[in-house]
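S.K.: Predicted model, plus sequence, below.
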Amino acid sequence: MGRLGKAMAFICEADHPATVALKAAAESGSERGIAKARKLFLKVKPGDRRAALTMLAD
């Protein structure tokens, strides 16, 4: 989740709600934080989601 948060910060912005939630979930590791981060990540535009996941694959 930490790497995905960094990719989202590059693609969207560091203060985007999904980026903030991903970074917080990576730090805390709590089930609640992870669920919130996943929910917000799925609300991101499909193109931005694909770009972030592609950055992880490289």
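M.R.: Done, it's in. Treat the numbers as computed from the prediction; the structure is a model and nothing was measured.

S.K.: ok, Leu56 - contacts?
M.R.: With contact set as C-beta atoms under 8 Å, 6 or more residues apart in numbering, Leu56 has these partners: 3-4, 7. For every residue, glycine as well, the C-beta is placed using N, CA and C.

S.K.: again with Ala9
M.R.: Contacts of Ala9 by C-beta under 8 Å, 6+ apart are 16, 19, 23.

S.K.: circling back: please pick the buried ones from the contacts of Leu56.
M.R.: 4, 7 (16 or more other C-beta atoms under 10 Å).

S.K.: Closest one of the contacts of Leu56 to Gly33?
M.R.: Leu4 (13.3 Å; C-beta to C-beta).

S.K.: any idea which element the closest one lies in?
M.R.: Per DSSP states H and E: Leu4 is located in helix 2-11.

S.K.: Show the average pLDDT along that helix.
M.R.: Mean pLDDT, helix 2-11: 94.

S.K.: Would you mind putting the CA coordinates of it into CSV?
M.R.: Extracted C-alpha coordinates of helix 2-11, given in CSV (Å, rounded to 0.1, in the frame of the first residue of the first chain):
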residue,chain,number,x,y,z
GLY,A,2,2.9,2.3,0.6
ARG,A,3,4.2,1.9,-2.9
LEU,A,4,0.7,2.4,-4.3
GLY,A,5,0.4,5.6,-2.2
LYS,A,6,3.6,6.9,-3.7
ALA,A,7,2.4,6.1,-7.2
MET,A,8,-0.9,7.8,-6.5
ALA,A,9,0.9,10.9,-5.2
PHE,A,10,2.7,11.1,-8.5
ILE,A,11,-0.4,10.6,-10.6
